[in-house]
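Asker: predicted model and sequence follow; I will ask about them next.
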Amino acid sequence: MISSRQKKLMAGLVASAAFACSTGFAQGNPPSTTGPAAAAAAQAAPADAKPSRPHADRAQRIERMQARHAERMAALKQKLQLDPSQEGAWNSFTAAQQRPAGQARMDRAEFAKLTTPQRLEHIQARQAERSARFAQRAEATRSFYATLSPAQQKTFDAETAHFGHRGEHGHPHHGQREPAKS
């Protein structure tokens, strides 16, 4: 049996929840994305409509990444204080660091149509391409590094120590574990 005190408490909670919802609507806040109304709206949406995501446009993301890469390379070049005899090696190094232009990616639907052995072949071919590109970048880096003075090499080592490492900003990346606390 519910006491009158519990009834009053529940009534107060319901009233405050109703007030919060009504003031949210009055102030122009969007309705809740949960509950039966949201489920009905989701069913009414066209089936082929994709949910909007931040940074959904791949071309814009690639453009931003390339701009950031160019900024980092310009800053590195400035810190290295290269002399004119090192410019050719620098140009080879930076060219090797560029991503290949417009590689066609297989659509998920196309990939799903492949048999398992075909998928494995596709994945293996992509890995071989990545491995070859890495070998080119590594060789260009070694060649450029050999042209640097010891002071420049020290600067290059310090400035590029973080290149290629992800999840180093206070939280581990997927699959990495937190260091053990002693």
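Answerer: Arrived safely.
Asker: so where's this structure shaky on pLDDT?
Answerer: 1-56, 102-104, 163-182 (pLDDT under 70).
Asker: mind listing the helices for it?
Answerer: For the chain, the helices defined by DSSP state H cover 4-26, 36-44, 58-80, 87-97, 108-113, 116-147, 150-160.
Asker: can you redo these as JSON lines with mean neighbour count?
Answerer: Where you see a C-beta, it was placed from the backbone N, CA and C, and this is true even at glycine. JSON lines is the format used below for those (neighbours: other Cβ atoms under 10 Å):
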{"stretch": "helix 4-26", "mean neighbour count": "10"}
{"stretch": "helix 36-44", "mean neighbour count": "10"}
{"stretch": "helix 58-80", "mean neighbour count": "12"}
{"stretch": "helix 87-97", "mean neighbour count": "15"}
{"stretch": "helix 108-113", "mean neighbour count": "10"}
{"stretch": "helix 116-147", "mean neighbour count": "12"}
{"stretch": "helix 150-160", "mean neighbour count": "13"}
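Asker: any idea how far the closest residue to residue 153 other than its chain neighbours is from residue 81?
Answerer: Nearest non-adjacent residue to residue 153, counting by Cβ to Cβ, 6 or more residues apart in numbering: residue 145, 6.4 Å away. For residue 145, the distance to residue 81 (Cβ to Cβ, to the nearest Å) stands at 15 Å.
Asker: try residue 71
Answerer: 18 Å.
Asker: and residue 101, by the same measure?
Answerer: Applying Cβ to Cβ to residue 101 and residue 81 gives a distance of 31 Å.
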